[in-house]
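K.L.:
I'd like to go over a predicted model; first the sequence, then the structure.
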Amino acid sequence: MDIVHERAAGLDISKRDAKVCLRLPGHRAGTFTSTVTTWGATTGQILALRDVLEREHVTTVVMEATSDYWKPFFYLMEDTLPVILVNAKAARNIPGRKTDVSDAAWLAQLGAHGLLRPSFVPPEPIRELRDLTRARSIATRDRTREIQRLEKFLEGSGIKLSSVVSDLTGVSSRAMLEALINGERDPEVLAGLAKGTLRSKIPELVNALTGRFKAHHAFMARLHLDQIDAQSRIIDALTGRIEEAMEPFRAAREFLATIPGVSLKVADVIIAETGADMSRFETPGRLASWTGVCPGSNESAGRIKSAHILPGNKYLKAALGTAALSASRSKDTYLAAKFRRISARRGPMKAIVAIEHSILTAAWHLLADGECYADPGTDHFTRLDPIKAKNNAIKKLNSLGFDVTITPATAA
């Protein structure tokens, strides 16, 4: 097999140290020597290792994506060395021979032959933006869970507020909960705190606010509300920081927001996870595969064993799921028409994945070409094959018991 890199290094990284295999040409032509050493995972040790690799003129440094332990090695070496990060699944060693030393030697050998495909690691500004958007996603999820815990706890006190109001943290709901915590127990007084359209539901509120709310429940509800407020403050702080970091990507963000279902927050996640640089992904299909919103391929002996979507970028996939659900409920859009078309044949879950794929494909073209989204329209599929659309309509009417005669419309 051809040698692509005569001087290669493989790193098997753990929390405390890293086994480093240095693969260099031997004294005789066509031979190579491999030396394995152990280096600490502290910054000083990593910088010393970097100096050694630079002196040896290594042309590729391969490391596995092991938890987050690869990050200090990659970040300290990326400026001066040709470092590549690889998926551990793609660099799997021979079964029964797995040790840290053999793993490092195996990585160096695969890297020398050019058999590994590097993973996508964005530049530092995008990494910082990614940290912010991911932290906001986690904080939003934690806040939602805390609201659900509060709802479950109120059930134990007989307070059924969530059965009447749509949001336990809304203005009216919050005023009622604060009054309960402060000692008010009269359900009519509590229901009188409703505002706006909720006042039309005062009789239902009176019944829902009749319970056995005691001092213990007030203490626990106060803790839940304080946790919700704390998460809200964290989300607001992260959003402000994201707005500052998003300044260089304002145009791309506005382009993405023209796609039905894609909000500004979803656009933030798309930019943070992909880097808004579509040169890293040669085609929309590559981006969809990296994200995990396209069918997998598992075929043997002419038999397809599985075509399930594969694990991908969970943060981007979650944002696309939110956008797809929103787009599926939109009116007079191509994505909504596509969702209804696929959902009727394959079910809503597969239709949602198809919409995620369509949104990501549109995002690739928008970011690559710098253009706004042009919706094909709800009649796209009808215009695509009008004869088929006509025949389907006739079959539908026939199934309802009608005889149909088609007469072409005369031009006005």
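P.N.:
Noted; the coordinates are in hand.
K.L.:
quick one, strands of this structure?
P.N.:
8-13, 17-25, 32-40, 60-64, 83-86, 298-300, 303-306 (DSSP state E).
K.L.:
and these, which is most packed in?
P.N.:
Across the strands of the chain, averaging neighbours per residue (mean count of other CB atoms under 10 Å) puts strand 8-13 on top, at a mean of 27. For every residue, glycine as well, the C-beta is placed using N, CA and C.
K.L.:
For that one, enumerate the helices and strands it packs against.
P.N.:
strand 17-25, strand 60-64, helix 100-112 (3 or more CB pairs under 8 Å, 6 or more residues apart in numbering; DSSP states H and E).
K.L.:
Touching the second one from outside, list them.
P.N.:
Strand 60-64 is touched from outside by 4-5, 7-13, 53, 70, 73-74, 77, 81-88, 91, 103, 107-108, 110-112, 116, with contacts defined as CB atoms under 8 Å, 6 or more residues apart in numbering.
K.L.:
now stretch 229-247
P.N.:
Counting by CB under 8 Å, 6+ apart, 125, 128-129, 132-133, 135-136, 139-140, 142-143, 146, 253, 268, 271 sit against stretch 229-247.
K.L.:
go on, stretch 20-40?
P.N.:
Contacts of stretch 20-40 (CB under 8 Å, 6+ apart): 6-12, 16-19, 45-46, 48-49, 52-53, 56, 58, 101, 104-105, 107-109, 112.
K.L.:
end-to-end on it?
P.N.:
Taking CA to CA, to the nearest Å, the first and last residues of stretch 20-40 lie 10 Å apart.
K.L.:
just to revisit the earlier point, turn the helices and strands packed on strand 8-13 into JSON lines, columns for distance to residue 194 and mean pLDDT.
P.N.:
Below are the helices and strands packed on strand 8-13 laid out as JSON lines (distance: least, CB to CB, whole Å; pLDDT from 0 to 100):
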{"stretch": "strand 17-25", "distance to residue 194": "62", "mean pLDDT": "91"}
{"stretch": "strand 60-64", "distance to residue 194": "57", "mean pLDDT": "91"}
{"stretch": "helix 100-112", "distance to residue 194": "64", "mean pLDDT": "88"}
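K.L.:
which one of those lies closest to residue 200?
P.N.:
Each of the helices and strands packed on strand 8-13 was scored for nearness to residue 200 using CB to CB, and the closest is strand 60-64 (60.6 Å).
K.L.:
For that closest one, which strands pair with it and how are they oriented?
P.N.:
Strand 60-64 pairs in its sheet with strand 8-13 (parallel), strand 83-86 (parallel), by DSSP bridges.
K.L.:
Dump those strands into CSV; add distance to residue 303 and mean pLDDT as well.
P.N.:
Output for the strands paired with strand 60-64, formatted as CSV (distance: least, CB to CB, whole Å; pLDDT from 0 to 100):
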stretch, distance to residue 303, mean pLDDT
strand 8-13, 36, 92
strand 83-86, 30, 92
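K.L.:
what about the longest helix in the protein?
P.N.:
For the chain, the helix with the greatest residue count under DSSP state H is helix 124-156.
K.L.:
Would you mark the buried spots in that one?
P.N.:
By neighbour count on 16 or more other CB atoms under 10 Å, the buried set for helix 124-156 is 126, 129-130, 132-137, 139-140, 142-143, 146-147, 150-151, 154.
K.L.:
Next: stretch 62-80.
P.N.:
Of all the residues in stretch 62-80, those buried under the rule 16+ other CB under 10 Å are 62-66, 69-70, 72-74, 76-78.
K.L.:
ok, now stretch 286-303?
P.N.:
Those would be 287-295, for stretch 286-303 by 16+ other CB under 10 Å.
K.L.:
Need the distance between the two termini of it.
P.N.:
End to end - CA to CA - stretch 286-303 spans 24 Å.
K.L.:
Same question for stretch 107-116.
P.N.:
9 Å.
K.L.:
For residue 175, find the nearest of the strands paired with strand 60-64.
P.N.:
Between the strands paired with strand 60-64, strand 83-86 lies closest to residue 175; by CB to CB that is 51.5 Å.
K.L.:
List of residues touching the closest one?
P.N.:
60-65, 70, 73-74, 77, 107, 111, 116-119, 121.
K.L.:
ok, back up a step: what helices and strands are in contact with the longest helix of the chain?
P.N.:
Short answer (3+ CB pairs under 8 Å, 6+ apart): helix 124-156 packs on helix 215-245, helix 264-274, helix 314-328.
K.L.:
No further questions, thank you.
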